[in-house]
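A.B. asks: give me a 3D structure for the following:
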Amino acid sequence: MTGAKPVGKIVFLDGDLPLGTGDVNTDSKASFTTSLLAGGSHSLTAKYEGDATNAPGISAPLTQSVTDQRTATVTNIVKHVRGTNGCTQGEPVKIIAFVERPHTFATAATGANPTGKIVFYDFDGQLVTPIGNYDPRYGKVAVGSKPLPPLGESLSNDNHVATLTVSNLACGSHSISARYEGDLNNLPSSSVAPLVFNVKPRPGNGKLKVFVLSGQSNMEGAGKVDLGGNPDTENREPNIIGGLGSLRAMVVNNPARYAYLVDPAHPVTYAGFKGGENLPGWVASEHVWVSYWGGEGGNPDPKVPTVERKNGPLTVGFGGQCGMPEGYIGPEYGFGKVLDKSLADPVLLIKVSWGGRSLAGDFRPPSSGGTLGLSYKLLVEKVHEVLKNLPKYCPNYHGNNYEIAGFGWHQGWNDRINARFTAEYEANLTNLIKDLRAEFSAPKMRFVIGATGMGDANLDPTAVALIAAQAAVADAAKHPEFAGTVATVDTRAFDYGNNSPSPPNGYHWNFNGESYFHIGEAMGLVMIDLLAKP
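C.D. replies: Here you go, the predicted model:
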């Protein structure tokens, strides 16, 4: 380094991964020592952060080869301990794994015993968002992915055993694996055979469970089902069966996790599209019925009458463009699929949504003062209309009464683009929850908020402020009256950017079917968790 004597810090990196920092000494040098580099080749660089008189800089890479002399290990999941009613949703399940150093009949294992962390995964931590066209006929391969987060982690004890207790597993099949992360003397290892078991729903009370879904265009939904983005076009035009960001690609790339969504016995065909013949159809869940209300013909103009746009068992096609050949999906699809597996009683989803609506104006609740929002009035009116005529709108209803169990809310773009609306969002959403509970005589109606995390939200200060307001409503310290009954899902992880059918449309989650499914699924899982609380 030349010029004025540098001061400050140097960051040492292995590729793009920071290893640690060192302070620049009087000789303009810094050092960092580590013994945690894995075996193999490493590209090491030193990045000077700069100071008042010296610009930042980075060194040329140093290639360092590391021979890993640690001892191999074997990780096993040995058992799980169930709750008092077996594997029933909401009850704790304890998963036990251990790690050992292998040995032969001739020699026992030697060296230091394994220490450190064991991480547990559901479905082997497989990638849930493979990107690219799944069909080899098109010659496409995956170009990116997002991993499933782990279920949790635990430190191994003196007997090399780690335990993890979870109580939020969704109903259905689970395939649990464990990975030992290794230590200074022992190599990492993963369990070979997963622990497979089923989680069953809690017993019901015979009443129809009603859930209301509302918001603006992203609750309507623009998720592509079978036609995904073409990576060979500038804007990822959605003209390939199973292309980028389609629900079809998600299912085909993750059959162990999502095969339950498709119905091979009822195939669908998209005439004129290569590979669109005799695709497995989509399961219609008779256990979950949907009554979807919005502007006639999908028109968002407030002057257009609000009508029931579609009614039937839960399947694809209840999104904003429900009249298209394939239809779209919104959050109702993933949300309803979770309820389908998790509740023993029949379910009715009443979805009432329109595009381009703000909470500060259109959905403005009575307690916020000012002019009552037209969308608020229509929402209440249409929900009451359905509830008064349940046999007409819900064949699942057999006269055994009903209960309004929960409300799902995915809205915010029209407030996010207005600083004043953003500033009052927390107060307006708080009032909305209280007023809707009073309107429907459901004082403990569970309320799940799907945050407005689309469109590169982290790069927009107003978007960050709006998401903070949405999270604050569910913060028990700020709103103790909502403790255990209101929750917010941070949806920013579901923005898959260019790996989508239409990246220029960030405000509609880029038309990504995987995004809409994961938003609904996450909201459904949180809803089930809230319902388990007293």
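
A.B. asks: show the average pLDDT along the one helix or strand residue 466 maps to.
C.D. replies: If you go by DSSP states H and E, residue 466 is part of helix 461-473. Averaged across helix 461-473, the pLDDT comes to 96.

A.B. asks: wait, doesn't residue 197 sit right on residue 174?
C.D. replies: Yes: if you go by Cβ atoms under 8 Å, residue 197 and residue 174 touch, sitting 6.0 Å apart. No exception for glycine: its C-beta is placed from N, CA and C like everyone else's.

A.B. asks: those two - which one has more neighbours?
C.D. replies: Neighbour comparison, residue 197 and residue 174: the larger count goes to residue 174, with 21 against 16 (by other Cβ atoms under 10 Å).

A.B. asks: got a list of what that one touches?
C.D. replies: Residue 174 is in contact with 122, 123, 196, 197, 198, 199, counting by Cβ atoms under 8 Å, 6 or more residues apart in numbering.

A.B. asks: same check, this time on residue 414
C.D. replies: Each residue near residue 414 by Cβ under 8 Å, 6+ apart is listed here: 216, 356, 357, 358, 359, 362, 421.

A.B. asks: now the last one: how far from residue 354?
C.D. replies: As defined by Cβ to Cβ, to the nearest Å, residue 421 lies at a distance of 17 Å from residue 354.

A.B. asks: neighbour count: those two, which is higher?
C.D. replies: Set residue 421 next to residue 354 and count neighbours by other Cβ under 10 Å: residue 354 wins out with 28 against 19.

A.B. asks: surely that one meets residue 307?
C.D. replies: No: the criterion here is Cβ under 8 Å, and residue 354 misses it with residue 307 at 11.4 Å.

A.B. asks: what is in contact with those two at once?
C.D. replies: Going by Cβ under 8 Å, 6+ apart, residues that sit against residue 354 and also against residue 307 are 294, 295.

A.B. asks: quick check: domain ranges of this protein?
C.D. replies: Domain assignment for the chain, taken from automatic domain parsing, gives 9-66, 74-199, 208-244+283-531.

A.B. asks: what distance separates the start and the end of the longest one?
C.D. replies: Between the start and the finish of domain 208-244+283-531 there is a gap of 14 Å, counting by Cα to Cα, to the nearest Å.

A.B. asks: what does the shortest one give?
C.D. replies: One end of domain 9-66 sits 26 Å from the other (Cα to Cα).

A.B. asks: show the average pLDDT along that domain.
C.D. replies: 89.

A.B. asks: starting at the chain centroid, how far to it?
C.D. replies: How far domain 9-66 lies from its chain's middle: 35 Å, per Cα atoms, centre = their mean, to the nearest Å.

A.B. asks: now flag whichever of the contacts of residue 414 is closest to residue 440.
C.D. replies: Nearest to residue 440 among the contacts of residue 414 is residue 359, at 18.2 Å by Cβ to Cβ.

A.B. asks: between the domains of the chain, which one is nearest to residue 262?
C.D. replies: domain 208-244+283-531 (6.6 Å).

A.B. asks: from the chain's centroid, how far away is the closest one?
C.D. replies: That offset, for domain 208-244+283-531, works out to 14 Å (Cα atoms, centre = their mean).

A.B. asks: low-confidence regions, the stretch 201-350 of the chain specifically.
C.D. replies: Scanning the stretch 201-350 of the chain for pLDDT under 70 picks out 323-325.

A.B. asks: recalculate using a threshold of 50.
C.D. replies: Within the stretch 201-350 of the chain, no stretch falls below the threshold (pLDDT under 50).

A.B. asks: quick one: the helices in it?
C.D. replies: 217-220, 247-253, 255-258, 331-342 (DSSP state H, counting those that start in this stretch).

A.B. asks: can you give me the strands for the stretch 201-350 of the chain?
C.D. replies: 208-215, 223-224, 227-229, 238-241, 262-268, 279-282, 285-295, 306-314, 328-329, 347-353 (DSSP state E, counting those that start in this stretch).

A.B. asks: noted, bye for now.
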